[in-house]
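Peer 1: got a predicted structure plus its sequence, pasted below:
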Amino acid sequence: MNKVEKIRSAEIEYHDTFYKSTKLYEPGSWISKPVANVMEAFELLEASNPLKILDLGSGVGRNAIAIAQQSLKGTVIDCVDLLPSAIEILDDNAHVYSVQDKINGIVSSIEDYSIDKDYDLIIGVSTLEHVNNEKAFELVLTEIRNHLVIKGVACLIINSEVQEKDTDSGGLLVPQFEVNMPTKDMQKLVHNVFRHYEFVKEEIKSLNYRINRADKEVNLSTNAMTFIIRRIK
């Protein structure tokens, strides 16, 4: 198993276990509510017509379900996730929240998914850095840019300069992120791909939190970069 396969296997194990043990919008979990910046991006759209939305790395519907609840009939949200179990739970959640007519679950890695239509909103929250290499990362960014309608919006939250430490020993571990770029390099790349687009919002937050990796507690630190980007012409 190569490095990328090991990283992807660890991420699949973590998310599969979490999604099966935690209900959507359960208080106290990181899926207790939709991401505020995603909802802010959604509010930028002209919502008087049905929308086409793409959620790359949708998980069990943290953002897609909330958006579907606030969207007009006829809106379609294509939800792409690598985990079949996540899409199964997403479909269940769509029925629980009575938005099954708006949710289209798709099992695929992000780098293998071919974006074949234009969207009003494209979401990528802590997922684009899990494509298999930096070349694939740039290609996905380019595909997002090329498939926004005029006045369409992308909401991208991307981790950079990630470190993981064993909480017991304090020793550094291999970060379980396929793409882990210096913050300035990643920022420059995003700006280069989306040149001539409007950066409605851009912020960098240094975050620290604890997660489980193979039943071990790990401290993860990251510079989380948020971009809300609009196509203006």
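Peer 2: That came through fine.

Peer 1: how far out from the middle of the chain is stretch 178-197?
Peer 2: Using C-alpha atoms, centre = their mean, to the nearest Å, we find the averaged C-alpha position of stretch 178-197 to lie 16 Å away from the chain's own average C-alpha position.

Peer 1: next, the buried residues of that stretch.
Peer 2: Neighbour counts over stretch 178-197 (16 or more other C-beta atoms under 10 Å) mark 178, 179, 180, 181, 183, 186, 187, 189, 190, 193, 194, 197 as buried. Where C-beta positions appear, they are placed from N, C-alpha and C, glycine not excepted.

Peer 1: please apply the same query to stretch 32-45.
Peer 2: Of all the residues in stretch 32-45, those buried under the rule 16+ other C-beta under 10 Å are 34, 35, 37, 38, 41, 42, 44, 45.

Peer 1: quick check: end-to-end length of it?
Peer 2: 24 Å (C-alpha to C-alpha, to the nearest Å).

Peer 1: in the protein, what helix or strand scores lowest on average pLDDT?
Peer 2: Ranking every helix and strand in the chain by mean pLDDT, DSSP states H and E puts helix 3-21 at the bottom, with a mean of 80.

Peer 1: what packs against the helix or strand following that helix?
Peer 2: Stepping forward along the backbone from helix 3-21, the first helix or strand reached (DSSP states H and E) is helix 36-42. Contact partners of helix 36-42 among helices and strands, from 3 or more C-beta pairs under 8 Å, 6 or more residues apart in numbering; DSSP states H and E: helix 64-70, strand 119-125, strand 148-166, strand 198-213, strand 216-230.
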